[in-house]
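Participant: fold the following, please.
(2 chains)
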There are 2 protein chains.
Amino acid sequence: METKGYVHVYTGNGKGKTTAAFGLALRALCAGKGVYVGQFVKSMKYNETKIERLFNGSDPAFGRIRIEQLGRGCFIGKDPELADAEAARKGWARCADLLRSGEYDVVILDELTIALHFGLLSTAVVLDVLRSRHPAVEVVITGRYAPQALIDAADLVTEMCDVKHYYTQGVLSRDGIDR
Amino acid sequence: METKGYVHVYTGNGKGKTTAAFGLALRALCAGKGVYVGQFVKSMKYNETKIERLFNGSDPAFGRIRIEQLGRGCFIGKDPELADAEAARKGWARCADLLRSGEYDVVILDELTIALHFGLLSTAVVLDVLRSRHPAVEVVITGRYAPQALIDAADLVTEMCDVKHYYTQGVLSRDGIDR
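Facilitator: Numbering: from 1, shown residues only, chains lettered A, B, ... in the order given. All right, here's what the predicted structure looks like:
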């Protein structure tokens, strides 16, 4: 049986990148797979992070999930500071260990591309870990501005293209819909 | 407090449309909202449909979810038959009732655009029901080939653009990842 894992990248400026990654997490959990989500840059706990409580209960048919916030919060609009780079490096060391060990079937690296784009992490280092990861691990990387070298190295890339967004109607981020 | 709901369309040929819709369902459920998913065309039960069991348990902090298969299965590659149109019309009548009643906070109409594209349902009829729905209902419509009139009427449209897919490497649909 083939157990090779693949690398997905969900990028672009439209809504749906993190959302699709959590949809995939849900599908994997429902198939009994273990899922790790490392959230770079974001420090705010979105509603979906509550599923840790639900899936780590007593029903053995579902997989287990672990979600960790690896950043100091969003620095976009201001400049990232040294402490943001330090947090990203520490978070990446954690993810690299999990990618190599194969402890989780699916590893989601949420907003990793933002950390790459702003130079908090080196794309070359990330690609090197992806290549040397446990071969069964499925990896999902989300965020705007995915570097071309990552797109080249990925097996599946979807660009979420923003055709139209309700933000332009003045709709603010809503609890349970946008976060 | 603003309780207006909006209409999302996730279209395009890339991976992530149904997945993002289920990610949004998850976020809404975690915020205590009620979610209905009507799946047009698809008759196969994807892994994520198992969450009905998990969310409809005893924890009152989470919303309730109902998932229904409204089609006879995928007819793509052959022609849709009269019975497919009949199933779509019956399914749509069910969804129209729920859209008008406001019984669920979020209504996901998965692969509805396929039913529109193949003429199983009329776009004008669908738009009319969307306009006359309970104003608080958030609607998410997924599938390829979204008709222009639907895109015009929607508040948020993301096109999932297929930059690269592992199907082209010969990777078959995998349990817990692709379905």
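
Participant: three-state assignment of residue A:161?
Facilitator: Under DSSP: H, G, I helix; E, B strand; the rest coil, residue A:161 falls in the strand class.

Participant: is it true that it touches residue B:16?
Facilitator: No. The criterion here is CB atoms under 8 Å, and residue A:161 misses it with residue B:16 at 11.2 Å. Using the backbone N, CA and C atoms, a C-beta is placed for each residue, glycine as well.

Participant: same drill for the two, tell me which one is more crowded.
Facilitator: residue B:16 (29 against 18; other CB atoms under 10 Å in any protein chain shown).

Participant: in chain A, what helix or strand scores lowest on average pLDDT?
Facilitator: helix A:51-55 (a mean of 87; mean pLDDT, DSSP states H and E).

Participant: show me what that one is in contact with.
Facilitator: A:25-26, A:29, A:62-67, B:26, B:30, B:54-55, B:59, B:62 (CB atoms under 8 Å, 6 or more residues apart in numbering or on different chains).

Participant: repeat for stretch A:140-157
Facilitator: Contacts of stretch A:140-157 (CB under 8 Å, 6+ apart): A:6-13, A:17-18, A:20-21, A:24, A:40-41, A:106-114, A:116-117, A:123-124, A:126-127, A:130-131, B:15, B:163-166, B:169, B:171.

Participant: next one: stretch A:108-119
Facilitator: In contact with stretch A:108-119 (CB under 8 Å, 6+ apart) are residues A:9, A:11, A:18, A:21-22, A:24-25, A:35-42, A:71, A:75-76, A:80, A:84-85, A:88, A:92, A:95, A:121-123, A:126, A:139-147, A:150.

Participant: coming back round to it: in ChimeraX, select just the buried ones from the contacts of stretch A:140-157.
Facilitator: If you want just the buried ones from the contacts of stretch A:140-157 in ChimeraX, going by 16 or more other CB atoms under 10 Å in any protein chain shown, the selection is:
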select /A:6,7,8,9,10,11,12,17,18,20,21,24,40,41,106,107,108,109,110,111,112,113,114,116,117,123,126,127,130 /B:15,163,164,165,166,171
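
Participant: the contacts of stretch A:140-157 in helices, which ones?
Facilitator: A:17-18, A:20-21, A:24, A:112-114, A:116-117, A:123-124, A:126-127, A:130-131 (DSSP state H).

Participant: let me know the closest of those residues to chain B.
Facilitator: Comparing these against chain B with CB to the nearest CB places residue A:20 closest, at 3.9 Å.

Participant: thinking again about what came up before, any of the contacts of helix A:51-55 buried? List them.
Facilitator: Using 16+ other CB under 10 Å, the buried ones in the contacts of helix A:51-55 are A:25-26, A:29, A:62-65, A:67, B:26, B:30, B:54-55, B:62.

Participant: mind naming the longest helix for chain A?
Facilitator: Longest helix in chain A, counting by DSSP H: helix A:82-101.

Participant: ok, back up a step: mind putting the buried ones among the contacts of helix A:51-55 into TSV with distance to residue A:178?
Facilitator: Output for the buried ones among the contacts of helix A:51-55, formatted as TSV (distance: CB to CB, whole Å):
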residue	distance to residue A:178
A:25	18
A:26	18
A:29	23
A:62	26
A:63	27
A:64	27
A:65	21
A:67	18
B:26	13
B:30	13
B:54	23
B:55	20
B:62	18
